[in-house]
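# need a structure here:
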Amino acid sequence: MADHTVKSFTEELDALTQEVARMGGLAEMAVNESITSVVRRDTSLAQGVIERDARIDTAQHDVEKRAIKLFALRQPMASDLRVVLTGWRIAGELERVGDLAKNIAKRALILNQAEPIQLTRSVERMGKIAAQHLKQVLDAYANRDIDAAVGVWFHDEDIDAHYNSLFRELLTYMMEDPRTISSSAHLLFIAKNIERIGDHGTNIAEYIYFLVTGEQIATQRPRPPSSETTE
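Sure, this is the predicted structure:
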């Protein structure tokens, strides 16, 4: 392959990676702002998240077009193939993250019209964990940092634990004061969306592992030694 062709191919791979990274920045911002719109009861911020979701969709389509072009014209092999395939897959995960952030913002618009309830802070804590995990996997993707990606993969259960705890709190809250049922239900849907954002972050971590190693990550997380000794 001629030198100029190799250089052009490398530039195209870099452009794909950069577009995925840019899309990741948009998705990360949407998650953070959607959570903030709930906590601060910020209607204008929630509306902004909803309106800007189209930018994430556009970025995903651009990544898809770039990937298809590379498959068709370059027929990438080995590590180059993994770069294209991983970029395409991560873009799909980020598009869904954007949709979930938009859903959270839509719930915020409804919650902002009702009386505030205390458990909003519990949702905030859960949201911060999911947002931090998303940031970590996006940084891991940019740096090809397999250790950081695996770290997020191992700690996905932190978000699940917060969701289960919040679920029980919200049920108790609704039973004690039926007037809070509507708002609590919206918070429960928000919490579920946050949990799913965490799942997408875990999926991205798995793609990064494949990108760097060429292998699939283990399907089950081994138990930490501390949990084995306490049973």
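# okay, CA-based contacts and neighbour counts for the rest of this
Fine.
# where are the low-confidence patches of the chain?
For the chain, applying pLDDT under 70 flags the ranges 1-6, 219-231.
# Tell me where it has helices.
Along the chain, counting by DSSP state H, helices occupy 3-39, 43-74, 78-111, 120-143, 146-154, 156-176, 181-213, 225-229.
# List the buried residues in the longest one.
Of the residues in helix 3-39, those scored as buried under the neighbour-count criterion (16 or more other C-alpha atoms under 10 Å) are 9, 12-13, 16-17, 19-21, 23-39.
# cool, the second one as well?
By neighbour count, and taking 16+ other C-alpha under 10 Å as the criterion, the buried residues in helix 43-74 are 43, 45-50, 53, 56-57, 59-64, 66-68, 70.
# roughly how far apart are the residue lying closest to residue 202 once chain neighbours are set aside and residue 193?
Of all residues not flanking residue 202 in the chain, residue 153 sits nearest, at 5.1 Å (C-alpha to C-alpha, 6 or more residues apart in numbering). Noted for residue 153: a distance of 18 Å to residue 193, by C-alpha to C-alpha, to the nearest Å.
# Out of those two, name the residue with the larger neighbour count.
Counted by other C-alpha atoms under 10 Å, residue 153 and residue 193 do not tie: residue 153 has more neighbours, with 23 against 20.
# The more buried one against residue 209, yeah?
No: Residue 153 is beyond contact range of residue 209, at 9.9 Å (criterion: C-alpha atoms under 8 Å).
# Overlap in contacts, those two.
The contact sets of residue 153 and residue 209 do not overlap (C-alpha atoms under 8 Å, 6 or more residues apart in numbering).
# any idea how far residue 201 is from residue 111?
26 Å.
# Compare these two (neighbour count), which wins?
Ranked by neighbour count (other C-alpha under 10 Å), residue 111 and residue 201 place residue 201 first, with 29 against 21.
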